[in-house]
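Participant: take this sequence and fold it.
(one chain, ligands or ions: 1)
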Amino acid sequence: MKLRYGMVGGGQGSFIGAAHRRSINLDGQAELVCGSFSRDYENTLKTGEELGLPKDRLYKTYGEMAKAEAKREDGIDFVVVVTPNASHFEICKAFLEAGIHVACDKPLAVTAKQARELVALAKKKGLLFLVTYTYMGHVTAKHAARIIASGQIGRVRAVMAEYPQGWLADEHSDGGKQGSWRIDPAQSGGVNCLGDLGTHVENAVATMTGLKIKRLLAKLDVVVPGRVLDDNDYVMVEYEGGATGLYWTSQVAIGHDNSLRVRIYGESGSIQWFQEEPEKITVIGKDGSLTEHHRGYPTIAPDAAKYGRLPSGHPEGWLEAMANLYLSFMQCLRAKKDGSFKSDMIDYPTVEDGAAGIEFVEACLRSAKSGNVWVDVP
Ligand SMILES: NC(=O)c1ccc[n+]([C@@H]2O[C@H](COP(=O)([O-])OP(=O)(O)OC[C@H]3O[C@@H](n4cnc5c(N)ncnc54)[C@H](O)[C@@H]3O)[C@@H](O)[C@H]2O)c1
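Facilitator: Take a look at the predicted model:
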């Protein structure tokens, strides 16, 4: 039996909702059965019609959807939340309270208090919670984490990570539908660029290295005149155990699209992982040897390689990475249903990982507002 899911957000004219639907479809394990795709009910009706959904499962509000689906015999197994950031908390909370598992896009929430509440609620209800930090679904990103955990590059000493984009560089454009809410504090929260891109950087480094940030110093800049939220950020971090890192995120870096790049330097080697070339990672030894590990070859760790769907040379990309997160999430959901679930089956970013991203954002805000000083991260 296929799992059943519903979606909040992802109406016509939106970006990421359709990408989630395509990724979930890759493995054919779940079927979209309902939605509240927009605050505009006409859009929800049009989107639902296009997707072949019955009208009685197209809801005016997410609250109505959570209650109605929880009551149905054939109700959804999980909900996918793909709305602007400031609404994530209330929507996720409504579905958790209704006893429904949640997949939510990043950033998890806009305050650490909200994030902690979601962590506690998911735990209390015994529900699974995927936060779709898409990039960490790449086979090569998983492999990077396995290399570091194996000790191949030794103890990590330093990290350089960046995620520059250029799409909001123009001072005469707010970036259209996708940009206008990101630069609006009412819909985006206390940060723009840092929430959108900085959380990806924080999560990528944490996932690959396992390092926990102890303290940080942030400079969050508004480059384009007239904006109130950051569009270019620098963060210096110090991890528990003494390693250090430098993160840069930007939406005004003309020439860059989605240039998430992570370089990790250990005692005996380093690795380089670039999301726009996700089919390989580069490992450099202290003897100067430079080795590329390509997806599809036996050098890739088996528990990362197992997510590959195509032979090497048939490139996999962003949709496959997202599908990999959903694949693990859906395997865990099935195991929950048949009673075989164990927490070590989880191979996707959880609500705790999402909350770590919001603690990072809040610490950056505290640092920036206090005059760019070092602050502890809880
Ligand atoms: N994982 C990634 O790499 C990635 C990439 C892009 C966006 N995102 C995240 O996805 C989310 C959505 O971003 P987007 O670019 O698709 O935005 P978007 O503006 O294109 O789409 C948002 C959708 O949510 C709908 N919506 C808003 N409030 C709603 C409500 N209360 N009920 C139902 N629908 C509602 C809007 O009508 C729209 O259809 C954001 O949190 C963003 O950070 C993640």
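
Participant: residue of the stretch 201-350 of the chain nearest the ligand, please.
Facilitator: Per CB to the nearest ligand atom, the residue of the stretch 201-350 of the chain with the smallest distance to the ligand is residue 322, at 7.3 Å. The way it works is simple: take the backbone N, C-alpha and C, and place the C-beta from them, glycine included.

Participant: and for the stretch 101-250 of the chain?
Facilitator: residue 105 (3.6 Å).

Participant: tell me how many other residues surround residue 355.
Facilitator: Neighbour count for residue 355, taken as other CB atoms under 10 Å: 23.

Participant: now do the SS call for the residue lying closest to it once chain neighbours are set aside.
Facilitator: Once flanking residues are discounted, residue 355 sits nearest to residue 115: 3.9 Å by CB to CB, 6 or more residues apart in numbering. With DSSP: H, G, I helix; E, B strand; the rest coil as the basis, residue 115 sits in helix.

Participant: returning to what we had before: residues making contact with the helix or strand encompassing the residue of the stretch 201-350 of the chain closest to the ligand?
Facilitator: For residue 322, the element it lies in under DSSP states H and E is helix 318-338. For helix 318-338, contacts defined as CB atoms under 8 Å, 6 or more residues apart in numbering pick out 3, 19-20, 22-24, 26-27, 29-30, 77-78, 101, 103, 128, 130, 132-139, 141-142, 278, 307, 309, 341-342, 345-349.

Participant: circling back: residue contacts, the residue of the stretch 101-250 of the chain closest to the ligand?
Facilitator: 16, 20, 81-82, 88, 131-132.

Participant: look up phi and psi at it.
Facilitator: Main-chain torsions, residue 105, degrees, to the nearest 10: phi -80, psi 160.

Participant: neighbours of the residue nearest to residue 355, how many?
Facilitator: If we define neighbours as other CB under 10 Å, then residue 115 has 27 of them.

Participant: doesn't residue 108 make contact with it?
Facilitator: Yes - with contact defined as CB atoms under 8 Å, residue 115 reaches residue 108; the gap is 5.2 Å.

Participant: could you tell me which residues touch both of those two?
Facilitator: Shared contacts of residue 115 and residue 108, counting by CB under 8 Å, 6+ apart, come down to 89, 351, 354-355, 357-358.

Participant: and the helix or strand containing residue 130, is it in reach of the ligand?
Facilitator: Taking DSSP H and E as the definition, one finds residue 130 inside strand 129-132. Yes - counting by CB under 6 Å from any ligand atom, the ligand has neighbours in strand 129-132: residue 132.
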